[in-house]
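Enquirer: Just need the structure, nothing else, for what follows:
(chains A and B)
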Amino acid sequence: MAGWDGEHASQERILQFCDEVMAEVEAPQGVLL
Amino acid sequence: MLTTVTIFATSDGALTTRYYQLLALAGKRGVIAMNLMLSLKASYRAKRYRGRPAPGQPSYRTLAYDRKRWALEQLLAALETEGMLRYGWGIDQVQPIHRYVLYVDLPRGQCSFHASERLAGPDYHGGMGWGACLTGAYLAVL
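Expert: Residues are numbered from 1 along each chain as shown, chains lettered A, B, ... in the order given. Predicted coordinates for the structure are as follows:
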């Protein structure tokens, strides 16, 4: 995972995971930031 | 609606705190997501900060690395509690200082954090760098 490509992909996966978890919160409760 | 990418890039503390509060509503997965984002933000900033608040005080970079360590500790505790995601520590032989690597296998692929010392948690027993399936759509907008 060393190097920019690995770091970049790692960051993207974290952001996507957070988006998916946030969608779980927003969908049933209608919450928007 | 603000996206996760916006939260990653912003320095608005109140907005970020509100985002973390919402993530925490998702239970254990939410706590993991929150601490992943905390760790990511701290790591990103630690690599870019320069200078210090005042002579004799810790540098901004040192403060960011301290925050990253704290965030990783919270993340490790959340991962242990949740118990469903594979994670653990490996060593990056190429890195002279930040050679300890925490790997976490997220549903869509692996993420990792380098650290100067190994914190709590098991050895990592998965493969390295699997699941490279994203296209750059997230960070391309930063």
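Enquirer: could you pull out the helices for chain A?
Expert: A:4-29 (DSSP state H).
Enquirer: For stretch B:92-100, measure first residue to last.
Expert: 6 Å (Cα to Cα, to the nearest Å).
Enquirer: The residue nearest to residue B:111 when sequence neighbours are not counted - how many residues pack around it?
Expert: Nearest non-adjacent residue to residue B:111, counting by Cβ to Cβ, 6 or more residues apart in numbering or on different chains: residue A:10, 4.2 Å away. Every C-beta, even on glycine, is put in place using the N, C-alpha and C of the backbone. Using other Cβ atoms under 10 Å in any protein chain shown, residue A:10 is surrounded by 23 other residues.
Enquirer: Distance check, residue A:10 against residue B:117.
Expert: According to Cβ to Cβ, to the nearest Å, residue A:10 and residue B:117 sit 20 Å apart.
Enquirer: Now do the same contact list for the spatially most central residue of chain B.
Expert: By Cα atoms, centre = their mean, chain B has its centre lying nearest to residue B:39, at 2.7 Å. When the contact criterion is Cβ atoms under 8 Å, 6 or more residues apart in numbering or on different chains, the partners of residue B:39 are B:68, B:71, B:72, B:75, B:113.
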